[in-house]
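Any chance you could fold what I've pasted below:
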Amino acid sequence: MNQENKLRKGPSREHDDNLVQARRSGASNRHDSRTPLGKGDDRLNSSQDQEAMELAARVGAQKEEILILRQQIDAARIKELQLLNEKYALERKFSDLRMAIDEKQNEAIASALNELTRRRGGLEENLKLANDLKVAEDERYIFTSSILRILADYGVWPHAISASAISSSVKILYDQLQWSTSHVQGQMDTSPTLHIDEQPIIPVDKMSRDVVGSTHQNLTDRGLMGVRNGNMPTNSVDLPPSSHDEAPPIVSKEEGPAIESFRIVGDAFPGGKLLGCGYPVRGTTLCMFQWVHHLADGRTQYIKGATNPDYVVTADDVDKRIAVECIPMDDKGRQGQIIKQFANDKNKISCDPEMQWEIDRYVGKGQVTFSVLFLMDSYDKWESAALVLRHSGYQIMINRTEEVVIAENFSRDLTIKIPPGFSTQFVLTGSNGSSYPLSTYDDVRARDTIVLTMRMFQSKAMDYRRKVKA
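Predicted coordinates:
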């Protein structure tokens, strides 16, 4: 029986039962040993029995307390299991939510990447279109400038800088040239039409206004009667190519049209104006002019657009020799001998001392800023800008917005072009092929100073790079 109770109660109950039994056996033994002592010991035994009963009561109370604690432990275990089940359920829900969030994030990232790809394609397309537009604007600017220069040379200036006005002026010029061609051909009768290197024929009146002497005025008046009546343009005339295979008649030097005392007058410095002049003799009514460069290697280079008696020296002429060729012609289509005259006594064109001093000072400082005008999107919108030159490169900045249009180092691909005629404009073509039209404030000399200074900076930068590589 005791063993079964021990197995049921466990280690704590077994310990308590053993303690109670030990005390009971001790009390019984004491009682048995003291029984012969008599009645005096009964009180002692009763007190011991009372202690044993109290001890048994405490043991019972502890057993009940242990039972309650075990019940509480069982309830806590059940609650713990419930909490664990809830935890596992929440973890499963959290995992599902996390997977759903990851899926949504992946979808959002994929959508954002697609949108970025689409926008990048749009930006690339916009950049390509902007570059194409810039190229078209540059071509339009060059074309418009050329047309306006031609119209100005013939005195047919449009009333406004617009496509319709320029087209109307071109039509007027075409009609005038067509009539002039018919008129000149009528004067030449059946003689072949003069056509040398497709250069325009300059009426001698333009030359004689400046330099022809009074002794030849009657000849000039007789040869230009149609011009003064308004039947011919006051400037140059392009004659159509001859339909005949034979060349125009060239007469001997003693018999044919000629120009006496032909010379060049003017200042042979950048910004200066030269004039080929002389006295027309032996029936000379028309003259063809062509200004040429004579290079150091002996080659001859015709100057594009320089087909008038007068010529404005530019920065492109520096370190080159300039000459003008003149072919006189009479009203019968006979051509005289070609006359050539060199400017500056056959010496190379150089800067005047003041301009050269300015250029040397700028190059010595290593940095300079020029105030220029920059052509914006349309050909009639010029913005004030700053052209900054340094040892290594250059930049163009719009003054109003402080926007840097271009900033790059000097390279061999950089070119600076100057249009022919009395113009203050010049065009920079960067290493990327883009053109940047610039102009000075109605000052040809300032334009040439800027161009020569920039070319000097470019040359020094190239020399420095060659030395570094070496």
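
Return the residues in contact with residue 261.
When contacts are counted by Cβ atoms under 8 Å, 6 or more residues apart in numbering, residue 261 touches 278, 279. Any C-beta I mention is one placed from the backbone N, CA and C, and that applies to glycine too.

got it, and residue 316?
Residue 316 makes contacts with residue 418, as judged by Cβ under 8 Å, 6+ apart.

Quick check: it vs residue 446, distance?
For residue 316, the distance to residue 446 under the criterion Cβ to Cβ, to the nearest Å works out to 16 Å.

what's the answer for residue 339, then?
For residue 339, the distance to residue 446 (Cβ to Cβ) stands at 34 Å.

repeat for residue 467
Counting by Cβ to Cβ - residue 467 and residue 446 are separated by 32 Å.

Settle it for me: which of the two has more neighbours?
Relative neighbour count places residue 446 above the other of residue 467 and residue 446, with 19 against 8, counting by other Cβ atoms under 10 Å.

Residue 78 versus that one, what's the distance?
Going from residue 446 to residue 78 by Cβ to Cβ gives 101 Å.

and the helix or strand harbouring residue 114, average pLDDT?
Residue 114 belongs to helix 42-153 when elements are defined using DSSP states H and E. Within the predicted structure, the mean pLDDT of helix 42-153 is 87.

Check which helices and strands that helix sits against.
For helix 42-153, the packing partners by 3 or more Cβ pairs under 8 Å, 6 or more residues apart in numbering; DSSP states H and E come out as helix 2-34, helix 163-188, strand 435-439.

from the middle of its chain, how far away would that helix be?
Distance, stretch centre to chain centre, for helix 42-153: 47 Å (Cα atoms, centre = their mean, to the nearest Å).

Likewise for stretch 307-321?
With Cα atoms, centre = their mean as the basis, stretch 307-321 stands 32 Å off its chain's centre.

on that earlier part again, out of the helices and strands packed on helix 42-153, which gets the lowest mean score?
Set side by side, those give their lowest mean pLDDT on helix 2-34, at a mean of 49.

distance of residue 85 from residue 98?
From residue 85 to residue 98 the distance is 20 Å (Cβ to Cβ).

before we move on, what about residue 77?
Using Cβ to Cβ, one obtains 31 Å as the distance from residue 77 to residue 98.

residue contacts, residue 324?
For residue 324, the contact set (Cβ under 8 Å, 6+ apart) comprises 264, 274, 276, 289, 290, 291, 292, 309, 311, 340, 341, 343.

secondary structure element for it?
Secondary structure here is read from DSSP H and E; on that basis residue 324 sits in strand 321-330.

and the following helix or strand past that strand, what does it pack onto?
Next in sequence after strand 321-330, counting helices and strands by DSSP H and E, comes strand 339-342. Contacts defined by 3+ Cβ pairs under 8 Å, 6+ apart place strand 339-342 against strand 258-266, strand 321-330.

on contacts alone, who are the packing partners of the helix or strand following strand 339-342?
Using DSSP H and E, the next helix or strand after strand 339-342 towards the C-terminus is helix 353-365. In terms of contacts (3+ Cβ pairs under 8 Å, 6+ apart), helix 353-365 is packed against helix 444-469.

elements contacting the helix it packs on?
Here helix 444-469 is seen to pack against helix 353-365, strand 367-375, strand 382-390, strand 393-398, strand 415-417, strand 425-429 when contacts are counted using 3+ Cβ pairs under 8 Å, 6+ apart.

Out of these, flag the one nearest residue 57.
Distances from residue 57 to each of the helices and strands packed on helix 444-469 were compared using Cβ to Cβ; the shortest belongs to strand 393-398, at 106.2 Å.
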